[in-house]
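*Asks:* Sequence first, then the predicted structure, then my questions.
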Amino acid sequence: MSLVGNLLQGAALVFQPFALTLIVTGVLIGMTMGSLPGMTATMTVAVLVSFTFGMEPAEGMMLLLGIYGGALYAGSIPAILIRTPGTPSAAATVFDGFPLAERGFAGRAIAVATVASFVGGAVSVVLLTLLAPQIASVAVQFGSAEFFALAVFGLTIIASVSGDSLVKGLLSGLLGMLLATVGLDPVLAYPRFSFGFEALTSGIQFIAVMIGLFGIGEGLLRYQRGIGSEEVSQELTGVIPDWEDLSEIRNVTLGSSVAGAFIGAIPGAGGDIASFVTYNEAKRWLKGAKSSFGDGDIRGVAAAESGNNASTGGALIPTLTLGIPGDSVTAILIGALMVHGIRPGPGLFQDEPALVYAIFVGFFTVYVVILVLGLVGARYWARLIDFPARYLWPAILVLSLVGSLALRGNMLDVWVALGAGVLGYVMRVEDYPLAPMVLGLILGPIAEVNLRRSLQLSGGSLDIFYSEPLTLGILILAVASLVFPFVQAWRERKSEPA
Amino acid sequence: MSLQIRHTDKVAAVLLVGLAVGVFVASRDFPSGFGDSPGAAFFPRLIASVIALLAGVLFVRSAASSDARSYDVSATDAGRFAVPVGLLVAYVALMPIVGFVLDTVAFLVVTMRYSGVESYSRSGTLAVALSLALYYVFGEFLHVPFPEGSVVSVARWLPSLPLAGVV
Amino acid sequence: MVGDDNDTRTTERRTFLKAVGTGSAVGLAGMPGYLDARQDGFPSSDIEMIVPWAAGGGTDRTARQLASLAENQMDTSFFVSNVTGGSGSAGFRRAANAEADGHTVGVLTVEICTISHLGIANITPDAFAPVMQYNFDPASLTVHQDAPYSTIEEFISYAEENPGEIRISNSGIGAIWHLSAAQFAQNVGIEVEHIGYDGGAPATQAVVNGEVEATTASPAEVAPQVQDGPLNMLAVFGEERSDLFPEVPTLRERDIDVTIGAWRGLGVPAGTPNQRVQELHDAYRSVYESDEFQNFMNQNGFGLVYRGPQEYGQFMQSELDRFEGIVDQLGLGRGGNDG
């Protein structure tokens, strides 16, 4: 079917009263949570995913995508107003957003952030719509060896996105892979590490782990650090952008949008990395930016905000076409679809075209809703920052546990979530990044089953991995991406004066 | 009273090596594969080996660096971690005994008090409202089998949703 | 991995509202025929149907269809809950441990006869009083059209001449299509390699890509690739030919004594009074015979086979014995295997 035909089919699912209500609800929830410091998009999606179990898959996606986009956008509001990013993705927004607010231009900064978020999201969804079907039609030809190579590549990227703590990032990823080996062996149907628990033969419930890591873990961290609320003193005026500002940010927004989408498409690299990269690149390339960035340049806000929202559409590219999550939120989306018995991957475009295109159309709609609600309602959202966290955190903890129970009605999953919460807390305190663990949980089993299946197909011979140029190429790329950060770290250390 | 926790990286490294050894022990009875293909224990053991290797790196690096991580954990700090965890554990453990609704109301009231909500009438109202909302959305609507209290069951007295006839 | 519920889904709307909310009109309409049957106060509350597989899969969809139509037969609401995990064992166990009063009906799939042998969970049909079987989907053997064999006989002789060269994909190790292929190979005495995939779609794709030589799956699952794609179906493993592929012979027609496939039925906890089993059976049987149900099953490619309580019980017992042999021969589950 043609692209237009497919899009119409998807639109038919989206432009329904219930689905549209879910989109608006999702955006409202996302913007609310994103406005509250400490409430991340991942946490909100993880805590609320259980509400979608009773819905149609496409409807559930509308709610979750609304939250995803809304939270990433609204993280900019507290970043600008109180210098505290609502989500980690808005960290780069602080650099220029807060100085603008100090000078009394908070409304202008938020207006720019809103438009840039919309453009970033919209551009990335268009790229997603154009690229994903092409990638899927190639990927559907992939055999077991190619998928093994892809999974290994995704895992080695962990090293590149782990930032300062390379070893800890790798350990986090490996722990995720190890957790995922619990349950039936994919080749011999032997229950591994189930220790007599029948519920464990189908494995650790991935969503329960996510809820624990991001919902309960974050809650424990907040309680540890004290859950006081912050005060916002500034009254917002003029959140409608003027033409001068718009033409000033036009180029940087478009450029950052495209760049952000491609960075988002890298497994494990989410909005936080995307916005830092686009901000730094904009600073490097734009005229006069070296001195004005950091002092309240609206182009800085635009670069960061278009970058982080563009990462969302980008992250969906590997998620939908290969089943490899682009970031933590899309990892939960994979889990949410799997609850419905749908497995993202190249086959999805053949088996569920309506769902795939509904995701494209729906996500674009999400960004339109964000633009409208952002411009109309930013001044009200700003007041949410004061919302007393002492009411919210107990409710989030309850929702986290209820959500794990709702997975399949088993108390064991609740304990798993609780355990993952404590683990997530310890990892955060000890500077272990969480994103690699999520990648490990999803990619570990893909790597294992395809490795073992390949060897079974080849009768135990390893040449199945280097006889095909594509497989070999991906594997070489994987090795390179694993080694590169080590080399870089070593060179930096060497160049530093002792 | 305060407690100093030092060398957390070294402690973590030792724990991770222990985990790796545990994987090897627990997987000793796993079946081998068909023909020459690797068996069920191959992949977990591969991961465990790399974990042990990296844990070694962590240990050596931490031993070599002078600024070993250390925390001063005061009784207050410890409490700020232990109380929420304790509340959560109690909440989950008590659910099969007192039932979902009562357990959730109690957890919310206590946790809100701990979080700084002074007024019991306010936290109580919110707790009851949220618990009932969740009970109906998940229990009645999505048919999540919430544990019913083995000792006291509030759920038995709650009316079913008057949905029949609406749709 | 075992017993993935792989039927192709449609995007038919499946609201939870429906499962909860209907049944209302039933009371008003009044089913006088059932007034007598309700002498013992059954049903006195909603009837829960426990589906051991995820929402949206074939088992779930057929069960929801049964539930929504059964409401016209009994003066109560039916609702479906999905209790997944452990290759179906979580749902089977939840149903088996429910109160034996007829208000909890388990949807029993072929896995109830395999998972105990696979060492996944020690639950068998003995935990249930059988109510009714409503579906059977035979396995089928499908190959690439460019392969050097185009009939089942040629396939077998090719496999005999090239032992170990034929690789047959399936939707998951230990799942019914794997066991089906194994029984076929065992029966005709050929040596093949079984390759497990993560669901039916990738298993079929593996034949299209040439990664394996053949696949076993239900005819409906491979139908798109056989009708419009490069695949060729050699045989179905059912009693009769498939409606989807009337030109494809059964194994029995070729004197191969193999009938195997996936099936679905209903059971209540063992110890449920016979009277209630009978009432449930009568209600479900009326649903089974209704045009609406038959049309639904046909349109979605689910095979219709009916067995009453006694027959279904005997059938499950024989399946339980049969799969013990196949699983042992494959060396799956509990023990190791070196070749």
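*Replies:* Arrived safely.
*Asks:* Please make it C-alpha for all contacts and neighbour counts, starting now.
*Replies:* Noted.
*Asks:* Could you check how far A:Glu56 is from A:Phe18?
*Replies:* Separation of A:Glu56 from A:Phe18 (C-alpha to C-alpha, to the nearest Å): 11 Å.
*Asks:* What of A:Ala12?
*Replies:* 12 Å.
*Asks:* any weak-confidence spans in the chain?
*Replies:* Chain wasn't specified; assuming chain A. In the predicted model of chain A, residues A:1, A:159, A:162-164, A:228-238, A:496-498 satisfy pLDDT under 70.
*Asks:* wrong one, I was asking about chain B
*Replies:* B:1-6, B:34-37, B:66-71, B:150-153, B:156, B:160-167.
*Asks:* Kindly report the domain assignment for it.
*Replies:* Following the assignment in automatic domain parsing, chain B carries domains at B:2-68, B:75-157.
*Asks:* A:Glu492 and chain C, how far apart?
*Replies:* Relative to chain C, A:Glu492 is positioned 44 Å away (C-alpha to the nearest C-alpha, to the nearest Å).
*Asks:* that's a helix at that residue, yeah?
*Replies:* Yes: counting by DSSP: H, G, I helix; E, B strand; the rest coil, A:Glu492 is found in a helix.
*Asks:* Just to be sure, C:Phe42 is in a strand?
*Replies:* No: C:Phe42 is assigned coil when assessed by three-state DSSP, not a strand.
*Asks:* Please name the nearest non-neighbouring residue to it.
*Replies:* C:Arg276 (7.4 Å; C-alpha to C-alpha, 6 or more residues apart in numbering or on different chains).
*Asks:* what about the one you found, neighbour count?
*Replies:* 21 (other C-alpha atoms under 10 Å in any protein chain shown).
*Asks:* do the same with A:Leu178
*Replies:* For A:Leu178, the count of nearby residues is 24 (other C-alpha under 10 Å).
*Asks:* I'd guessed it sits against B:Ser49; true?
*Replies:* No: A:Leu178 is not in contact with B:Ser49 according to C-alpha atoms under 8 Å; the separation is 11.0 Å.
*Asks:* roughly how far apart are the residue nearest to C:Phe42 and C:Gly41?
*Replies:* With distances taken as C-alpha to C-alpha, C:Arg276 is found 10 Å from C:Gly41.
*Asks:* What residue in chain C comes nearest to chain A?
*Replies:* C:Gly86 (4.5 Å; C-alpha to the nearest C-alpha).
*Asks:* Could I get the contacting residues of that residue?
*Replies:* A:198-202, C:120-121 (C-alpha atoms under 8 Å, 6 or more residues apart in numbering or on different chains).
*Asks:* and if we set it to 10 Å?
*Replies:* By C-alpha atoms under 10 Å, 6 or more residues apart in numbering or on different chains, the contact set of C:Gly86 is A:183-184, A:191, A:197-203, C:1-3, C:52-53, C:92, C:115, C:120-121.
*Asks:* Can you find the residue of chain B that comes nearest to chain C?
*Replies:* Going by C-alpha to the nearest C-alpha, chain C is nearest to B:Pro31 of chain B, at 4.1 Å.
*Asks:* Using the three-state scheme, assign that residue.
*Replies:* Using three-state DSSP, the structure places B:Pro31 in coil.
*Asks:* could you measure it against B:Asp103, distance?
*Replies:* Taking C-alpha to C-alpha, one finds B:Pro31 at 44 Å from B:Asp103.
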